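>>> have a look at this fold, sequence not included:
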């Protein structure tokens, strides 16, 4: 159920501010021990999604991520909670 997952909506944000907000959102959810979160980046010209996915690809706190099948404007992220790689 994606509706029950913590989410952040980045519609209308510039790439730089979206990346800062994403990093803060991930850090907050690590502290809260939420293993799964949703990032809403929208579709548009796909600029935000590409930047967010590039960031997630290199973030050690992220276990895996994928675009939502039913809503490609969202990315589902699994975080490393309690892993030794934190």
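Thanks, I have the structure now. These numbers were taken from a predicted model, which means no experiment stands behind them. Numbers count the residues shown, from 1 in each chain.
>>> buried stuff in stretch 43-53?
For stretch 43-53, the neighbour count (16 or more other CB atoms under 10 Å) marks 48, 49, 51, 52, 53 as buried. For every residue, glycine as well, the C-beta is placed using N, CA and C.
>>> mind checking the pLDDT average for that stretch?
For stretch 43-53, mean pLDDT is 95.
>>> what of stretch 60-78?
Throughout stretch 60-78, pLDDT has a mean value of 96.
>>> quick check: end-to-end length of that stretch?
End-to-end distance of stretch 60-78 (CA to CA, to the nearest Å): 11 Å.
>>> sorry, back to before: quick check: of the buried residues of stretch 43-53, which lies closest to residue 29?
Residue 29 has its nearest neighbour among those in residue 52, at 14.8 Å by CB to CB.
>>> name the nearest residue to that closest one, ignoring sequence neighbours.
Leaving aside its sequence neighbours, residue 52 sits nearest to residue 41 (CB to CB, 6 or more residues apart in numbering; 5.4 Å).
>>> near that neighbour, how many other residues are there?
Applying other CB atoms under 10 Å, we find 25 residues neighbouring residue 41.
>>> please give me every residue in contact with it.
Counting by CB atoms under 8 Å, 6 or more residues apart in numbering, residue 41 touches 10, 11, 18, 48, 49, 52, 73, 74, 75.
>>> re earlier: helices - which of the buried residues of stretch 43-53 land there?
Using DSSP state H, 48, 49, 51, 52, 53 are the members of those that sit in helices.
>>> the third one and residue 57, how far apart?
Separation of residue 51 from residue 57 (CB to CB, to the nearest Å) stands at 11 Å.
>>> now do the first one
Using CB to CB, we find residue 48 at a distance of 15 Å from residue 57.
>>> now swap in the second one and tell me
Going from residue 49 to residue 57 by CB to CB gives 12 Å.
>>> and the strand or helix carrying residue 8, how far out from the chain middle?
Using DSSP states H and E, residue 8 sits in strand 7-9. Relative to its chain's centre, strand 7-9 lies at 8 Å (CA atoms, centre = their mean, to the nearest Å).
>>> what does stretch 57-76 give?
6 Å.
>>> buried residues in it?
By neighbour count on 16+ other CB under 10 Å, the buried set for stretch 57-76 is 59, 61, 62, 65, 73, 74, 75, 76.
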